[in-house]
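Undergrad: please work out how this folds:
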Amino acid sequence: MFGLMLSCGTVVTLMIAGYILQRRGFRGGRKIYATVLGLSTLLVFTGAVLALFSGTSFAAEGAAAVAKEVSVGAGLGFIAAACATGIACLGAGLAVANVGAAALGLVGEKPEMLGTTLIYLGLAEGIAIYGVIISLLIIQRL
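TA: Next up, the predicted model:
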């Protein structure tokens, strides 16, 4: 449980700090950003390792309250499913950002090309759908 709290706390803290720095107009150097990124990666990875190997058990409620321990293989399977979805969504976000910017420029010059640009944006969004499908297939195997 401590590992999960460490990971979630790191993510929330970095989101709040990033928002505050953006509002103040902070323009730090690459060294500061690299240090913060390295530290946050270390904390999230440490939290994931602690959450994976802490040996917590989940209890079912009701008449048959039986504690079931999650194996290491199942934990790695859940991490793989999360990585499949997360990385696919990051890729889709980058694709939509680039395609969307180009599509806005094209539609500004030629409004009749709107349908074509929507098709390209849909293809870029499909990357995230593929990641979700892969993660569902991984979870189904567990």
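Undergrad: use CA for all of it now, contacts and neighbours both
TA: Will do.
Undergrad: quick one: mean pLDDT for the helix or strand Ile32 falls within?
TA: Per DSSP states H and E, Ile32 falls inside helix 30-53. Mean pLDDT, helix 30-53: 76.
Undergrad: likewise for stretch 11-18?
TA: Mean pLDDT, computed over stretch 11-18, is 76.
Undergrad: next, count neighbours for Thr35.
TA: When neighbours are counted by other CA atoms under 10 Å, Thr35 registers 11.
Undergrad: scratch that, Leu6 is what I was asking about
TA: Quick note: Leu6 (other CA under 10 Å) scores 18 neighbours.
Undergrad: might you report the residue contacts of it?
TA: Leu6 makes contacts with 43-44, 47, as judged by CA atoms under 8 Å, 6 or more residues apart in numbering.
Undergrad: now, among the residues you listed, which is nearest to Cys89?
TA: Val44 (18.6 Å; CA to CA).
Undergrad: could you find the closest non-adjacent residue to that closest one?
TA: Ser7 (4.7 Å; CA to CA, 6 or more residues apart in numbering).
Undergrad: doesn't Val49 make contact with that neighbour?
TA: No. Counting by CA atoms under 8 Å, Ser7 stays clear of Val49, with 9.9 Å between them.
Undergrad: quick check: buried residues in the host helix or strand of Val99?
TA: Here Val99 sits within helix 72-109, counting by DSSP H and E. For helix 72-109, burial by neighbour count (16 or more other CA atoms under 10 Å) applies to 77-82, 84-86, 88-89, 91-93, 95-96, 99-100, 103.
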